[in-house]
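**Student:** Sequence below, structure please.
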Amino acid sequence: MRGVVMYGPGDVRVVERDEPHIVEPTDAVIRLTATCICGSDLWPYRGAEPADGLPMGHEYVGVVEEVGSAVETVKPGDFVIGSFVISDGTCDICRAGYPSRCVHAQFVHGTIGTQSDRARIPYADGTLVATPGMPDDDLVPSLLAASDVLGTGWFAAVAAEAGPGKTVAVVGDGAVGLLGILAARELGAERIIAMSRHADRQALAREFGATDIVEERGDDGVARIKELTDGLGAHSVIEAVGTQESMMQAIRSTRPGGHVGYVGVSHDVQLPGDELFFSQVHLHGGPAPVRRFLPDLIDRIWKRQIDPGKVFDLELPLADAAAGYTAMDQRRAIKVLLRP
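**Tutor:** Now for the predicted structure:
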């Protein structure tokens, strides 16, 4: 089968990979209907993480072709969505709501690699969720978004305790940040401030529910948030970048007693203890427990209550994956959908 492999910074190729097979009785093998390129895939693409023969892709939807003898909740022919982290769904950590830290957790990125024609999914019952039926094609992008960016944005909004009467600020205007805005709106936030410098992303942010746009960054961005919140800061702040500047911008934009939901993959972020001590903000984040939210998100998408698939502004065949990486790296695309 074909699969995308990264061999070094800027070096992405579609190559022949081994066909997946059932290995354990808890496995499923799926044929991918759609997959995509994540903003986090750009870290190794830009040389910030090692990449030498790295199977790429961790967001996926597809049709089950085969299941192991112990799989009970999905069957051949089902259309399924899976989390970007494999989870067994039964351990204490999963039952507590954190399947992305399951005792059997395995990142799909770099191991399974779902920018491919087919994939073996371990712990299928704990990782995959079937839709009520075969979706219309126009629903596929939104269902694919649930696999990571929507689920991650949703977790960030929940972790930041977005809700009625709250002002939410969102640091980062990538797909996760944009869908954090959508999540905050769905959770009932009163005011949502998007921090973005790009006109196309500002437009989508407003469509998803942003009421205000702040173009400044760093200390200037913090000052602007304070101006908009009577000098107090936001009740809830979503951090969706993962850099030192963005994390400190998020913490400093939060009022005492407020909450930061951080989901940007951290790259050498260091928190000053004294500032954190006196800020009196709550920090909650990490790899999003997407599997926990999938049934609810699928239901909202299936009923067409939300349309997170709008974050995909470029669609390419899998064979042109390299062009998709280039487009996202050059910020000519927010998020690229790939069709095997």
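**Student:** And the helices in the chain?
**Tutor:** Using DSSP state H, the helices of the chain run over 42-45, 92-95, 124-127, 140-146, 149-159, 175-186, 199-208, 218-228, 244-252, 273-279, 290-302, 321-329.
**Student:** Redo the ones you listed as a markdown table? Include mean neighbour count and mean pLDDT.
**Tutor:** Where you see a C-beta, it was placed from the backbone N, CA and C, and this is true even at glycine. Shown next, in a markdown table, are the helices of the chain (neighbours: other CB atoms under 10 Å; pLDDT from 0 to 100):
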| stretch | mean neighbour count | mean pLDDT |
| --- | --- | --- |
| helix 42-45 | 19 | 94 |
| helix 92-95 | 15 | 98 |
| helix 124-127 | 24 | 98 |
| helix 140-146 | 25 | 98 |
| helix 149-159 | 29 | 98 |
| helix 175-186 | 29 | 97 |
| helix 199-208 | 18 | 96 |
| helix 218-228 | 17 | 96 |
| helix 244-252 | 21 | 96 |
| helix 273-279 | 11 | 95 |
| helix 290-302 | 20 | 98 |
| helix 321-329 | 20 | 96 |
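**Student:** out of these, which comes closest to residue 36?
**Tutor:** helix 140-146 (6.0 Å; CB to CB).
**Student:** Kindly reformat the helices of the chain as a markdown table containing distance to residue 56.
**Tutor:** Conversion of these to a markdown table gives the following (distance: least, CB to CB, whole Å):
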| stretch | distance to residue 56 |
| --- | --- |
| helix 42-45 | 9 |
| helix 92-95 | 26 |
| helix 124-127 | 19 |
| helix 140-146 | 15 |
| helix 149-159 | 16 |
| helix 175-186 | 16 |
| helix 199-208 | 24 |
| helix 218-228 | 32 |
| helix 244-252 | 24 |
| helix 273-279 | 35 |
| helix 290-302 | 18 |
| helix 321-329 | 8 |
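**Student:** Which one of these lies nearest to residue 34?
**Tutor:** So among those, helix 140-146 is nearest, using CB to CB, at 4.9 Å.
**Student:** Which residues does the closest one contact?
**Tutor:** Helix 140-146 has contacts (CB atoms under 8 Å, 6 or more residues apart in numbering) with 33-36, 59-61, 81, 131, 135, 150, 175, 179, 290, 293-294, 297-298, 301, 306-312, 337.
**Student:** one more time with 6 Å
**Tutor:** 34, 61, 81, 297, 301, 307-309, 312, 337 (CB atoms under 6 Å, 6 or more residues apart in numbering).
**Student:** returning to that earlier point: so for residue 166, which of the helices of the chain sits nearest?
**Tutor:** Here helix 175-186 is closest among the helices of the chain (CB to CB), at 8.0 Å.
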